[in-house]
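Engineer: show me the folded form of this:
(2 chains)
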There are 2 protein chains.
Amino acid sequence: MAKSASVFGPVPGIALGHEFANRLELWGAGVHRQTQAGISARQGEGAESIVLSGGYEDDEDLGAVIIYTGRGGRSAESQQQVADQTLTGANRELARNVLTGLPVRVTRKVTEAGRTFYRYAGLYRIASYWAETGKSGHRVWRFRLEELVAWDVEPHVAAPAADLFTAQEPAPAYGPAPRRLATTLRLVRDTAVTRQVKALHDYHCQVCSERLASPAGPYAEAAHIRPLGAPHHGPDVLANVLCLCPNHHVLFDLGSFGVADNGALLGLPGQLRRHPQHAVAPEFLAYHRAHFYEPQAGELA
Amino acid sequence: MAKSASVFGPVPGIALGHEFANRLELWGAGVHRQTQAGISARQGEGAESIVLSGGYEDDEDLGAVIIYTGRGGRSAESQQQVADQTLTGANRELARNVLTGLPVRVTRKVTEAGRTFYRYAGLYRIASYWAETGKSGHRVWRFRLEELVAWDVEPHVAAPAADLFTAQEPAPAYGPAPRRLATTLRLVRDTAVTRQVKALHDYHCQVCSERLASPAGPYAEAAHIRPLGAPHHGPDVLANVLCLCPNHHVLFDLGSFGVADNGALLGLPGQLRRHPQHAVAPEFLAYHRAHFYEPQAGELA
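Structural biologist: Numbers count the residues shown, from 1 in each chain, chains lettered A, B, ... in the order given. Just a heads-up that it's a prediction; the model follows:
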């Protein structure tokens, strides 16, 4: 634990915008523990740092949001993508940050006025991961990085970034709930569609049939099959949602299981629970399988 | 569904700050369907509107945040709290909004320059509910209301409030994730303490022993027993957290079950899973029982 705390997060003395002449300086400062690889990770713990060198044709650097491409499958000579990437090694560690919430340091390779150097860009969280067919026609793993700023954690305290990773939380004054500090219920946005799918299934999970009971009534979640929002842009329609318990919602979003067009579960035994007024569109199930689900050996996906 | 959509949310033509001479006008405009009661609710669907009249000694109106006291247990003559409140009737419907995410309209009784009237204060979400001993010495149910503003839903679109409740989401451009639109993983904030409790239990739920497996690694959540943040101010220490699966995290936060000082589960069969290096403090378990758990008949809590 103590070891992790010193590896993940800010590096003392290195402020946003700090410039490094080359990769060796970046390594020496403790910002990036690799001298060549773009991802620095600890096996089983997560990724701690990435360097954006502009080398990947599929990367999209939008400043506060970065769509980052995993490693592997590139030719050492041409630097072209010549094979599929897998969710293993450093890619798996990047995905692990989605689960743990640990941040990655981001450093950009910059060329300005004829000079090339590295500029530290601060901490990002890894919001999601998915697979897609890259420009090369090969499968690549993609990661959505979002810049972390102090108000992401506690809007009423102008905390220095270093405070984000201390064990003791300051007790906040009354005010809007901190954005990422989910101390009560994780609220999944309610719409007419999400209410409808829960009512049709009477709050039973479509995977395990569980129905969570509470003093305030039954609880279930509506999971979008093709996610809403960038970059997936799935629609908020009944054909694109499932009624799930929180456990199966998490597992579905993380790609632990998929659903075949006929409703058979992939990666789990059994069949999706159906309701005659709730038709799930095969195109959204296919999207989820292609982008989130990693089929097991011998399984048809 | 269609019926709900017209009951919850904004009332067409009634803007923030709209003034009403009396309760009858408020009723006539469709803002509050009760002419005397402070809470207007639909049984089994949730609460749609409240009127803050200043009548409850335990209410705290902080503007963007309101700590609202439930109904019941007051003397009709003295308006004093003379008995305990229960999580039934309108109180249960207010609690239900925590689960569904449906907003309540808030109207304040105001006295300005010798004139008393009602002013519409817009939409609030109900963030959490809990029980406590009020100023009278009797048990009251409390609700934390947080003002909903357009940027809570989609920071990049200056949407009128009416758009918050339409079925079709606009596809957002790249940018920070909308605050309440949890389309991927519900991220519970990671700290040294939360990582530690998950590592000690190796991601097994302390209630059901489930361990969620994903392509990116195992997944569990750290649940604070006495919640962090206002008004509970629990500490982020190992003695105040449990390692839970998402299902049991939701159920614990909602008060579906409690834990006795000896680790026996209350409201569920069985015993809390233990680890020799993870001592849970009885004071935090007692806090959770007192504020969140409703004991069943015949059960010692």
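
Engineer: distance check, A:Leu242 against B:Asn247.
Structural biologist: 16 Å (C-beta to C-beta, to the nearest Å). In this view, the C-beta of every residue, glycine as well, is placed from N, C-alpha and C.

Engineer: repeat for A:Ile126
Structural biologist: Remark: distance between A:Ile126 and B:Asn247 (C-beta to C-beta) = 24 Å.

Engineer: then A:Gly70?
Structural biologist: 31 Å.

Engineer: for A:Gly46, same thing?
Structural biologist: According to C-beta to C-beta, A:Gly46 and B:Asn247 sit 25 Å apart.

Engineer: go on, A:Leu24?
Structural biologist: Going from A:Leu24 to B:Asn247 by C-beta to C-beta gives 49 Å.

Engineer: now do A:His138
Structural biologist: 38 Å.

Engineer: looking at the two, which is more packed in?
Structural biologist: Using other C-beta atoms under 10 Å in any protein chain shown, the more surrounded residue of A:His138 and B:Asn247 is B:Asn247, with 25 against 17.

Engineer: residues contacting A:Thr194?
Structural biologist: Residues near A:Thr194 by C-beta atoms under 8 Å, 6 or more residues apart in numbering or on different chains: A:Val188, A:Glu221, A:Ala222, A:Asp236, A:Val241.

Engineer: pull the longest strand from chain A.
Structural biologist: When chain A is parsed with DSSP state E, its longest strand is strand A:115-133.

Engineer: burial measure for the residue nearest to A:Gly73 when sequence neighbours are not counted, as a count.
Structural biologist: Nearest-residue entry for A:Gly73: A:Ala83, 4.0 Å, with adjacent residues in sequence omitted and distances by C-beta to C-beta, 6 or more residues apart in numbering or on different chains. Using other C-beta under 10 Å, the number of residues around A:Ala83 comes to 12.

Engineer: then A:Gly70?
Structural biologist: The local packing of A:Gly70 (other C-beta under 10 Å) involves 26 other residues.

Engineer: now do the contacts for it.
Structural biologist: Applying C-beta under 8 Å, 6+ apart to A:Gly70 gives the contacts A:Ile39, A:Gln85, A:Leu87, A:Ala90, A:Asn91, A:Leu94, A:Val140, A:Trp141, A:Arg142, A:Phe143.

Engineer: swap in A:His224?
Structural biologist: By C-beta under 8 Å, 6+ apart, the residues touching A:His224 are A:Gly234, A:Asp236, A:Asn240, A:Val241, B:Thr183.

Engineer: what do you get for A:Gly54?
Structural biologist: So A:Gly54 contacts A:Lys109 (C-beta under 8 Å, 6+ apart).

Engineer: then A:Arg273?
Structural biologist: A:His201, A:His204, A:Cys205, A:Gln206, A:Val207, A:Ser209.

Engineer: what's across from the most centrally placed residue in chain A in the sheet?
Structural biologist: Chain A has A:Ser128 as the residue nearest its centroid, 1.7 Å off, counting by C-alpha atoms, centre = their mean. For A:Ser128, the beta-bridge partners under DSSP bridges are A:Arg144.

Engineer: pretty sure it sits against A:Arg144.
Structural biologist: Yes: between A:Ser128 and A:Arg144 there is a contact under C-beta atoms under 8 Å: 4.8 Å.

Engineer: please parse chain A into its domains.
Structural biologist: Chain A breaks down into these domains under automatic domain parsing: A:2-148, A:192-291.

Engineer: please identify the deepest-packed of those domains.
Structural biologist: Of all the domains of chain A, domain A:192-291 has the most neighbours on average by mean count of other C-beta atoms under 10 Å in any protein chain shown, namely a mean of 19.

Engineer: give me phi/psi at A:Gln206?
Structural biologist: Main-chain torsions, A:Gln206, degrees, to the nearest 10: phi -70, psi -10.

Engineer: would you map the helices across the stretch 51-200 of chain A?
Structural biologist: Ranges of helices in the stretch 51-200 of chain A, per DSSP state H, counting those that start in this stretch, are A:89-100, A:192-200.
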